[in-house]
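Enquirer: Output the structure for:
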Amino acid sequence: MIIDLPYSKGEVSIEIPDRNLRFLIDRGKLPAAKDIRGEVIRALRDPIACQPLSKLVRPDSKVVIVGDDLTRPTPQKIIMPAVLDELNSCGVRDDRIEVLIGLGTHRQMSEVEISEKYGKEVVERVRIHNHDYMDDRALVYMGTTESDIPVYVNRMLFDADFVMCIGNLVPHETAGWGGGGKGIQPGVCGEETTVYTHVMATKMLVEGRTMAGDPDNPMRKEIELVARKAGLRMILNTVLNEKNEVSKVFAGDLVRAHREGVEHAKRAYMPEVPSLVDAMIVACKPADIDYWQGLKPLAYASEVVKLGGSVVLVAEFPDGISPTHPQVRDMGRWSIKEVLNAIEDERVPGGDIIGASTMLLHAKIRERVEIMCYSGGMTEGDKEALGMAHVGSLEEALELVFRRYGRDASIGVMKSGDILPRVL
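Expert: Take a look at the predicted model:
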């Protein structure tokens, strides 16, 4: 069977014999919303477990909308104009509204990238800012959560009268699902706050706790405590179908609306597979800007591979391993114990605790499976540093699978990097 896989701005193809292909999975089918603008306005006027937008803002309100960056497929250029118009209908002028891009620890977006993501109309109507988690001058301390996590957030939230987040719902390897309060933590928080949640979550993963796909996991609970402390009043989350069309919009309370959205998204993003396989071939897109993002589909795929099996990552990774966490390259071959010891002893390269916590997941995966990587954006040296095998073509990868597991090797294929397969 010839299978076309998303890669960069196009596709790459691989032919897998029918006798070897156990399953081919993609996002499930969901109906597309017929009127996206109408769907957004409906969600804002009849939100889940909170007052409508018109009751939460005044004409003189200073509004901050936290949006996501180019690592997420949220169609901001479609959603945001409808949100701005609804705010206008509530009496809030565009000059009272600002957009803050919740970068977390990702790199800054360029003006061109912001225009592509948010659209010309939004760029011309409101001011848009990149969050910088390392800029202490742009952060403010807002106290601690009930579990004593220090909350440092972008000062724009502190100065605002009303804060809302716009994001998208897909599974997440540590937060359970994207969307909801994740726009705040790690989206617009400082390093100290993000260290707490990330280290906690990856340690739980190493200990065997299942986090992905669980919207009520411990990290998600901490995210929501931080988000409430930071003043998040409303969320608006999209669910996209297999064609990247908006299927449904959920708005309202950061917990209740998020959970209702997750229930809808599960239909498309948690496919069942019949059995574990010897090897998985994974198209990482849309989690393909760098390996920091590609680690998510790698984690999902590794859970449906037999112990000692292989995962073939298919992604351009134009930003390489990670432009904001270059030190993770030095930890690419470390064991779980070595990473944990470095965190405990404060010996992490460059002092990057967030990077080290992510490499705990990388080390856990490497102890379970062999990783091959087809990527034009990561060098062979990058792949070697991460303990991966470089492959120059998908045909080469397939031949390596056959050499290792025999001509009857069982193979699964993931055509999307944001789905979370589960064995029946």
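Enquirer: only C-alpha atoms for contact and neighbour calcs from this point on.
Expert: Fine.
Enquirer: Give the buried residues for the strand or helix carrying I78.
Expert: In the assignment (DSSP states H and E), I78 maps to helix 76-89. Within helix 76-89, the residues scored as buried using 16 or more other Cα atoms under 10 Å are 76-88.
Enquirer: Helix, strand, or coil at the nearest residue to S375 once chain neighbours are set aside?
Expert: Excluding its sequence neighbours, the residue lying closest to S375 (Cα to Cα, 6 or more residues apart in numbering) is E316, at 4.7 Å. At E316 the chain is in coil, as set by DSSP: H, G, I helix; E, B strand; the rest coil.
Enquirer: Report how many residues lie close to E316.
Expert: For E316, the neighbour count with other Cα atoms under 10 Å is 25.
Enquirer: So which other helices or strands are in contact with the helix holding I78?
Expert: helix 36-45, helix 111-125 (3 or more Cα pairs under 8 Å, 6 or more residues apart in numbering; DSSP states H and E).
Enquirer: Just list what the first one packs against, helices and strands only.
Expert: Packing partners of helix 36-45 (3+ Cα pairs under 8 Å, 6+ apart): helix 53-56, helix 76-89, strand 246-252.
Enquirer: export those to TSV and tack on distance to V63 and mean pLDDT?
Expert: Converted to TSV, the helices and strands packed on helix 36-45 look like this (distance: least, Cα to Cα, whole Å; pLDDT from 0 to 100):
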stretch	distance to V63	mean pLDDT
helix 53-56	10	98
helix 76-89	9	98
strand 246-252	16	98
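Enquirer: could the ones you listed go into JSON lines alongside distance to G176?
Expert: Listed next are the helices and strands packed on helix 36-45 as JSON lines, based on distance: least, Cα to Cα, whole Å:
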{"stretch": "helix 53-56", "distance to G176": "27"}
{"stretch": "helix 76-89", "distance to G176": "22"}
{"stretch": "strand 246-252", "distance to G176": "17"}
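Enquirer: and the next element down the chain from the helix holding I78?
Expert: Helix 76-89 is succeeded, C-terminally, by strand 97-101 (DSSP H and E).
Enquirer: now that next one against helix 76-89, angle please.
Expert: 150 degrees (axes from the mean of the first three to the mean of the last three Cα atoms, to 10 degrees).
Enquirer: so where do the helices sit in this protein?
Expert: Secondary structure of the chain (DSSP state H): helices at 36-45, 53-56, 76-89, 111-125, 155-159, 191-206, 218-229, 256-269, 291-302, 336-344, 353-368, 380-385, 394-405.
Enquirer: Let me know which of these is tucked in deepest.
Expert: helix 291-302 (a mean of 24; mean count of other Cα atoms under 10 Å).
Enquirer: Give me the contact list for it.
Expert: 71, 172-173, 280, 282, 284, 287-288, 310-311, 313, 315, 317, 320-322, 361-362, 365, 368-369, 414, 417-421 (Cα atoms under 8 Å, 6 or more residues apart in numbering).
Enquirer: Give me the subset of the residues you listed lying in strands.
Expert: Counted as lying in strands by DSSP state E, out of the contacts of helix 291-302, are H172, M280, V282, S310, V311, L313, M414.
Enquirer: ok, these vs I36, which is closest?
Expert: H172 (25.0 Å; Cα to Cα).
Enquirer: contacting residues around that closest one?
Expert: Counted by Cα under 8 Å, 6+ apart, H172 has contacts G178, A212, G213, K296.
Enquirer: could the helices and strands packed on helix 76-89 go into a markdown table alongside mean pLDDT?
Expert: A markdown table is the format used below for the helices and strands packed on helix 76-89 (pLDDT from 0 to 100):
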| stretch | mean pLDDT |
| --- | --- |
| helix 36-45 | 97 |
| helix 111-125 | 98 |
